[in-house]
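Asks: Based on what follows, work out the 3D shape:
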Amino acid sequence: MIDKAELTRVIEEIAPPHLAAEWDNSGMQIEPAAGEIGSVLVALELTPDVVSEAKLGGYDLVIVHHPMFFGGGGAKPQNILQNDATGRYVWRLLAEPPAPVGVYAAHTTFDAAEGGLCDEMRRMIGLAPWADRLHPDILAEFAYIAPFSRTGRFSEATDLAGAVARVRSAFGTGADIRVSGNYSRNVLKVMTVCGGGGDAIPLAVRTGCSLLITGDIRHHEWRLAEAEGLALIDAGHYYTERTFATLFAQRLAAALGQAYANIVVDVSAEIRQPYASPAQSKAE
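Replies: Take a look at the predicted model:
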């Protein structure tokens, strides 16, 4: 067992709270009722199936990437109701037998962290870190997205078609990937942003990138990139973040070490994309 305050300290060494975006709500979402924690389940986000898994498995705490409560600036939910999806999660986690389950969210705190999700995305694609650091003036101008972006280069000359193949291989996105740009154009400097990073387009352009790889790109962002001559690969929000649970569980187990080797740290079996394209449905 580990004291819940000590476990929180360990978690926040991995995902430091000061790295959170201004709008984010990383941190403890539901404090565990027990003073000591013996088992942790790590998932991408809460879903009805993840809540059931936590309850059936008797876990004391669920660590997720996506927070239960959004609003930024310390905004709190106005009420907890059973006719609301988040409210039902709270009721089930706290009131459903056998015991209450706590929830902690490591969102942009783990995106931006050294060795966190943004670094992992760049590594998975096979990009070597770009040597030059962002100028302080650019960091200040793009403070809303710069900490969550990474730049890199492929070790060998690669065109956009080759970059698409690497992304498909890394994330297994199959037919769900979306691309814009000249497939035969060489890709030099690449920017990556996990999750939804369409608002990184101006930063990618300003810093001389020829390709941005991210997810959740909106219509007008595609048009902006087209006008700026920036190639885009939209690999999907889910696919660029689905490694969160495995990566965070590995980091947490390593940080707990032999002193807390008896603490159970499991990866959720209920991590899945919330939709399927027609092509993916046929493949299944």
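Asks: Any stretches of the stretch 101-250 of the chain with poor pLDDT?
Replies: Low-confidence segments of the stretch 101-250 of the chain (pLDDT under 70): 174-175.
Asks: in it, which spans are strands?
Replies: Assigned by DSSP state E, counting those that start in this stretch, the strands in the stretch 101-250 of the chain fall at 102-105, 127-129, 150-154, 158-159, 178-180, 186-187, 190-196, 211-215, 231-234.
Asks: helices or strands next to the last one in the packing?
Replies: Okay, so that is strand 231-234. Judged by 3 or more CB pairs under 8 Å, 6 or more residues apart in numbering; DSSP states H and E, strand 231-234 is in contact with helix 160-171, strand 178-180, strand 211-215, helix 219-228. All C-beta spots, glycine's among them, are computed from the backbone N, C-alpha and C.
Asks: so what strands line up beside the shortest one?
Replies: When you say that, I think you mean strand 178-180. Sheet pairing of strand 178-180 (DSSP bridges) gives strand 231-234 (antiparallel).
Asks: could I get the strand it pairs with in CSV with only the CA atoms?
Replies: Taking C-alpha atoms only, strand 231-234 is exported to CSV below (Å, rounded to 0.1, in the frame of the first residue of the first chain):
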residue,chain,number,x,y,z
ALA,A,231,1.5,19.6,-45.6
LEU,A,232,-0.8,18.1,-43.0
ILE,A,233,-1.3,14.5,-41.7
ASP,A,234,-4.4,14.1,-39.5
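Asks: In that strand, which of the residues would be classed as buried?
Replies: Within strand 231-234, the residues that qualify as buried are 231-234, counting by 16 or more other CB atoms under 10 Å.
Asks: Repeat that for stretch 164-182.
Replies: 164, 166-168, 170-171, 173, 176-177, 179, 181.
Asks: of those, closest to Ala269?
Replies: Closest approach to Ala269 among the buried residues of stretch 164-182 (CB to CB): Phe171, at 19.5 Å.
Asks: Give me the distance between the closest one and Thr240.
Replies: From Phe171 across to Thr240, the span is 7 Å (CB to CB, to the nearest Å).
Asks: what do you get for Ala95?
Replies: From Ala95 over to Thr240 (counting by CB to CB), the distance is 35 Å.
Asks: Equivalent analysis for Lys4, please.
Replies: Taken as CB to CB, the span from Lys4 to Thr240 is 31 Å.
Asks: got it, and Ile63?
Replies: 19 Å.
Asks: go on, Val193?
Replies: For Val193 relative to Thr240 (CB to CB), the value is 8 Å.
Asks: what does Ala99 give?
Replies: 34 Å.
Asks: so Gly57 touches Asp266, yeah?
Replies: Yes. Contact status for Gly57 versus Asp266: in contact at 7.3 Å, counting by CB atoms under 8 Å.
Asks: Now do the same contact list for Leu230.
Replies: Shown in contact with Leu230 (CB atoms under 8 Å, 6 or more residues apart in numbering): 181, 201, 204-205, 209-212.
Asks: Top of those by number of neighbours, please.
Replies: Scoring the contacts of Leu230 on neighbours with other CB atoms under 10 Å, the highest-scoring entry is Ala204 at 29 neighbours.
Asks: Find the residues that touch each one of Gly57 and Asp266.
Replies: 39, 41.
Asks: if we can go back for a sec, export the helices and strands packed on strand 231-234 to a markdown table and tack on distance to Pro48?
Replies: Below are the helices and strands packed on strand 231-234 laid out as a markdown table (distance: least, CB to CB, whole Å):
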| stretch | distance to Pro48 |
| --- | --- |
| helix 160-171 | 25 |
| strand 178-180 | 29 |
| strand 211-215 | 23 |
| helix 219-228 | 31 |
